[in-house]
Every structure is written in structure tokens, then in C-alpha cells.
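Asks: what would the 3D arrangement of this be:
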Amino acid sequence: MMRVTSDVEVDRPAAEVFRFIADAENNPRWQQGQRSCRWTTPPPIGVGSVYEQHASFLGRRIASTFEVVRFDPDRLITIRTIASTFPIEVTRSVAARGADRCRVSADVRGDPAAVFRVAMPLLRRMVQRSVRSDYRRLKALLEHVTDGPRSL
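Replies: Numbers count the residues shown, from 1 in each chain. Have a look, this model is predicted:
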């Protein structure tokens, strides 16, 4: 089992940031390697919502289907693969640090396929670097928006 964590302070209201990170269709805008994400269940987002994602990592294409398994509006979302070559569970949380600032945290747990398992220490470092980079990209993206993250 592999686990990596990351967090970043974002100068935006917590509710706006949560809405942005909870909507999987925004993932390609801030997560490197994401090619597309599309909800396959109707809104609103909540426990049981499902989306399909196409990504690449280490030169491999990864097609996954995720389900929302925990949802606390404006605070926390946990997604888990229900079909993938790389089983993973991601919890993203947002905590207000005042009216216009929040802390965004990620807890990523995965069980890589056998082909990746032999290189687990290297893989963990690569995933950690990727996740930290994604959250720095998220911060930069959201802090440079003047009329709210949904309009990006």
C-alpha cells in the first residue's frame, strides 16, 4: 500500500475552493497527466456519484472509474476507484483559515499494479512530487481568478 499526503494554503474562500476541487471535471485544469474527467451520474455531487477519468502516468495510459464514497459539503470529499489499472482512494479536504483563505489537504492511498509494486519506494516519491506539484498548480490557478473558480 502506498500513501502520500500534501496540503497548501489558498487565498480564496473555502466554499469556492471546495466546489472547484469536488467537481472532477475541473481535474484536467490543475492535475498533471489528467486528460479528461466526465461525470456519468447526474448532479448534484454526493455519495454514490460516479465519474470516468482518463490520465497518463509514467508513460502509461490509465482509464479509471471513480465513485464518491464520502461527501461533507464545503469540507471533504473522498473518491475511490471502482474500475482501474491503478486502484486508489483520494480524500480532499478544505478548512477555512479566515474569510478569504483556506487550507486544502490531500490524502492519497493506492495499491499499484504488480508492474509498479517492485519499484514502490521510487513510485511513492514520484507520486508525492506529482501531488505536491498539482496542489501548487491549484493554488496558482485559484488565486489568479477574479470572478470565482467556477468561471475558470
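
Asks: every contact and neighbour count from this point should use C-alpha atoms.
Replies: Noted.

Asks: by mean pLDDT, which helix or strand of the chain comes out lowest?
Replies: Ranked by mean pLDDT, DSSP states H and E, the weakest helix or strand in the chain is helix 114-117, scoring a mean of 52.

Asks: after that helix, next one along is what?
Replies: Next along the chain after helix 114-117, taking DSSP states H and E as the criterion, comes helix 120-143.

Asks: show the average pLDDT along that following helix.
Replies: Mean pLDDT, helix 120-143: 88.

Asks: buried ones in it?
Replies: Neighbour counts over helix 120-143 (16 or more other Cα atoms under 10 Å) mark 120, 123-124, 127-128, 130-139, 142-143 as buried.

Asks: cool, and stretch 99-106?
Replies: 101, 102, 103, 104, 105, 106.

Asks: nearest to residue 87, of those residues?
Replies: Nearest to residue 87 among the buried residues of stretch 99-106, counting by Cα to Cα, is residue 106 at 16.4 Å.

Asks: identify the residue spatially nearest to the closest one, adjacent ones excluded.
Replies: residue 92 (4.6 Å; Cα to Cα, 6 or more residues apart in numbering).

Asks: how long is stretch 15-29 end to end?
Replies: Length of stretch 15-29, first residue to last, Cα to Cα, to the nearest Å: 19 Å.

Asks: average pLDDT for it?
Replies: 96.
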